[in-house]
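*Asks:* After the sequence you'll find the predicted model.
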Amino acid sequence: MKTPIFLFMLCSLGLGAQKYTKSDSLKGSDNVYRNFWDVKKYELTVEADFDSRMVSGSNIIHFDVTKKVKDPIFQIDIQQPMKAEVLQSNFKIIKTERQGDFLWIHAGGTFEPTKNYRIEISYSGSPTIAQNAPWDGGWVFSRDDAGMPFMSVAQEGIGTSVWLPVKDHWADEPDNGVRMKIITPKQLVGVGNGRLIKTETAGDKKHFTWEVKNPINAYSIVPNIGNYVNFKDTYSGEKGPLDLDYWVLQQNLAKAKKQFTQVKPMMQALEYWFGPYPFYEDSFKLVESPYLGMEHQSNVAYGNGYTNGYLGRDLSGTGVGLKWDFIIIHESGHEWFANSITAKYKADMWIHEAFTSYSETLFTENFLNRKEADKYVLGTRQNIQNDLPVIGDYGVRNTGSSDMYFKGANMLHTIRTLINDDVKFRSILRGLNKNFYHQTVTTGQIESYITEKSGLDLSTVFDQYLRTTKIPALVYRQKGKMLEFRYENAVKDLQLPLRINGNQLILPTERWQQVELNSSVPVTFDRNYYVEYRKTD
């Protein structure tokens, strides 16, 4: 999801203190209506009618049952006011019920593990319309500058069930991918995830069938409909030739060919730090969208106006962020963190956004140099609010503070500074993408992996930056060569040693300590740690 400035309005909602409903729990938990079946594949059709603002189609859900159950009830998520109806299944259905944002399917008989099951559900209706996509969720029905219909959906926050009947929980991705047929008027083009495998004409309509072979998070399954033209390129990557596929509005073709030259240096930098692009089989694709952008897997939404920065602005306030296109770099970074490595729970969304926000710094380092990269990430601290903890509430589809972006990136920058070995730090990033390739994960798994591979006890560091709103402050006073110091605003027994005067290591605690310096020259601090420095008398 797009962080920056506009997302900060969400912080005023006080999400961490809100009361939750039964519906919140059903949407956010791996409950008894979900935990016995595993989605293997979605085969769906979608048609969006621009004039009526309606969406319709069907979804065949292929799934395995993971444990023996008798007369189970299946929870299918489909949000009001969308309608849904079971068309067929290969198992006995006793009855179906629609309650709020859920379709309940009461099945009869005993279900055995590993057997292949399927159910086809039709859907239709006028879905929620996004008022300010992508920050609020829903469909977007707009017109491009030439007056042609331009449609898509933004759904990371609100959920894919805003239009499509699915198992709308991050922990369960269709292991065998998705096949999506997009039906459009004959003058328009439908672009989906993965590769275009078939184009058909049926009367005054066209059918575009797209296929994803890899696991995919549900909120990435997105149709784009517009007056698109296509151009292609190839990148020689770590796993061989990678197809680069670009779909843009016809009138923007020349601008796109110029702006998208940033993709290859982006891919080179992120493969260097994170490992091979995770979806060679499905290609890499940038698709112009009627909103700013989103990280849809092998279907990255681009709406940054073919300008550098974030809509022409530098989020770091340093000038560095104007030397590259924020949406190309940030949204593509999500292919590694969010799409390949996906948080099981929305509360752990920092896994997506902290690493991806830090990918902007890593790209800058390769594209420009380390000095500019450090300057950029330190500059983004101006956007941190420390209003709520970064980790949200579990079991209720709740996310923590939008500080998961800039604060998360600065936490990783702090850990990198603490490790003080970029060979090891890079091996950790690449190791994450190898060990958790195409998997859903928890905060605990990520913390444990980084801690183990770094050889450092980082538990209190993660607690400090992810679970509190406090930023540790080193309070100090210098008398000649003697430096006295201690931590304030720190979690208990914070294990965060600091380097001063370039290479001298100190181990602050909550108690006053002192060390002797080499000279009486005023002490200098490494600003790459996300720590405040307060001089006192």
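*Replies:* Structure's in. What do you need?
*Asks:* Give me the buried positions along stretch 65-83.
*Replies:* 65, 69, 72, 74-79, 82 (16 or more other C-beta atoms under 10 Å). To be clear about C-beta, it is placed using only N, CA and C from the backbone, and glycine gets the same treatment.
*Asks:* which outside residues touch stretch 314-324?
*Replies:* For stretch 314-324, contacts defined as C-beta atoms under 8 Å, 6 or more residues apart in numbering pick out 4-5, 262, 266, 308-310, 312-313, 326, 360, 363-364, 367-368, 372-373, 375-380, 382-383.
*Asks:* got the end-to-end distance for it?
*Replies:* 10 Å (C-alpha to C-alpha, to the nearest Å).
*Asks:* what is the mean pLDDT for that stretch?
*Replies:* Averaged across stretch 314-324, the pLDDT comes to 98.
*Asks:* show me the contacts for Arg499.
*Replies:* 417, 420, 505-506, 526.
*Asks:* quick check, nearest of these to Gly226?
*Replies:* Proximity of the contacts of Arg499 to Gly226 (C-beta to C-beta) peaks at Thr417, which lies at 44.4 Å.
*Asks:* In terms of secondary structure, what does the longest helix along the chain contact?
*Replies:* Ranked by number of residues, the top helix in the chain under DSSP state H is helix 350-367. Under the contact definition 3 or more C-beta pairs under 8 Å, 6 or more residues apart in numbering; DSSP states H and E, helix 350-367 sits against helix 263-274, helix 326-333, strand 341-343, helix 370-379, helix 406-419, helix 443-454.
*Asks:* among the helices and strands of this protein, which has the poorest mean pLDDT?
*Replies:* One helix or strand of the chain scores below all others by mean pLDDT, DSSP states H and E: helix 4-7, with a mean of 36.
*Asks:* before we move on, back to that, rebuild the buried residues of stretch 65-83 as JSON lines, extending it with distance to Ala473 and secondary structure.
*Replies:* Listed next are these as JSON lines, based on distance: C-beta to C-beta, whole Å; DSSP: H, G, I helix; E, B strand; the rest coil:
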{"residue": "Val65", "distance to Ala473": "53", "secondary structure": "strand"}
{"residue": "Val69", "distance to Ala473": "54", "secondary structure": "strand"}
{"residue": "Pro72", "distance to Ala473": "54", "secondary structure": "coil"}
{"residue": "Phe74", "distance to Ala473": "52", "secondary structure": "strand"}
{"residue": "Gln75", "distance to Ala473": "47", "secondary structure": "strand"}
{"residue": "Ile76", "distance to Ala473": "50", "secondary structure": "strand"}
{"residue": "Asp77", "distance to Ala473": "44", "secondary structure": "strand"}
{"residue": "Ile78", "distance to Ala473": "49", "secondary structure": "coil"}
{"residue": "Gln79", "distance to Ala473": "45", "secondary structure": "coil"}
{"residue": "Met82", "distance to Ala473": "50", "secondary structure": "coil"}
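*Asks:* Which pair in the residues you listed has the greatest spatial separation?
*Replies:* Among the buried residues of stretch 65-83, Val69 and Met82 lie farthest apart (C-beta to C-beta), at 27.6 Å.
*Asks:* Settle this for me: Leu496 is touching Pro472, isn't it.
*Replies:* Yes. Leu496 lies in contact with Pro472 (C-beta atoms under 8 Å); the separation is 6.5 Å.
*Asks:* ok so, going back, among the contacts of stretch 314-324, which ones are buried?
*Replies:* Buried, going by 16+ other C-beta under 10 Å: 4, 262, 266, 308-310, 326, 360, 363-364, 367, 372-373, 375-380, 383, out of the contacts of stretch 314-324.
*Asks:* What angle do helix 326-333 and the longest helix of the chain make with each other?
*Replies:* For helix 350-367 against helix 326-333, the angle by axes from the mean of the first three to the mean of the last three C-alpha atoms, to 10 degrees is 120 degrees.
*Asks:* Break the chain down into its domains, please.
*Replies:* 4-8+29-303, 341-467, 473-535 (automatic domain parsing).
*Asks:* and of those, who's closest to Glu335?
*Replies:* domain 4-8+29-303 (5.9 Å).
*Asks:* Quick one: distance of that closest one to the chain centre.
*Replies:* Domain 4-8+29-303 sits 15 Å away from the centroid of its parent chain (C-alpha atoms, centre = their mean, to the nearest Å).
*Asks:* Just give the number of residues close to Gln513.
*Replies:* 14 (other C-beta atoms under 10 Å).
*Asks:* Isn't it up against Phe485?
*Replies:* Yes. Counting by C-beta under 8 Å, Phe485 is a contact partner of Gln513 at 6.1 Å.
*Asks:* list residues touching both of the two?
*Replies:* Ile506.
*Asks:* Distance check, the most far-flung residue of the chain relative to its centre against Ile506.
*Replies:* Centroid-distance maximum for the chain: Gly480 at 49.5 Å, with C-alpha atoms, centre = their mean. Distance of Gly480 to Ile506, computed by C-beta to C-beta, to the nearest Å: 17 Å.
*Asks:* and Pro223, how many residues sit next to it?
*Replies:* 30.
*Asks:* Backbone dihedrals for it, please?
*Replies:* phi -90, psi 140 (degrees, to the nearest 10).
*Asks:* In contact with it, which residues?
*Replies:* 46, 48, 151-153, 180, 182, 190-192.
*Asks:* Any idea how many residues pack against Gly190?
*Replies:* Using other C-beta under 10 Å, Gly190 is surrounded by 27 other residues.
*Asks:* Surely it is in contact with Leu196?
*Replies:* No. Applying C-beta under 8 Å, one finds Gly190 not in contact with Leu196, separated by 9.3 Å.
*Asks:* Please identify every residue contacting each of the two.
*Replies:* Between them, Gly190 and Leu196 share the contacting residues Phe208, judged by C-beta under 8 Å, 6+ apart.
*Asks:* Let me see the backbone angles for the spatially closest residue to Glu335 that is not a sequence neighbour.
*Replies:* In this structure, Glu335 finds its nearest non-sequential neighbour in Pro278, 5.9 Å apart by C-beta to C-beta, 6 or more residues apart in numbering. Per-residue torsions, Pro278: phi -80, psi -10 (degrees, to the nearest 10).
*Asks:* ok, back up a step: let's see which of the contacts of Pro223 end up in strands.
*Replies:* Among the contacts of Pro223, the ones falling in strands (DSSP state E) are 46, 48, 151-153, 180, 182, 190-191.
*Asks:* And Gly177, how close does it get to Leu517?
*Replies:* Taking C-beta to C-beta, one finds Gly177 at 60 Å from Leu517.
*Asks:* Pick out whichever of these two has more residues nearby.
*Replies:* Between Gly177 and Leu517, Gly177 has the larger neighbour count (other C-beta under 10 Å), namely 24 against 16.
*Asks:* pretty sure that one contacts Glu43?
*Replies:* No. With contacts counted by C-beta under 8 Å, Gly177 stays clear of Glu43, the gap being 9.9 Å.
*Asks:* Tell me which residues touch Ser58, please.
*Replies:* 44-45, 87, 120-123.
*Asks:* I'd like the average pLDDT over stretch 184-202.
*Replies:* 98.
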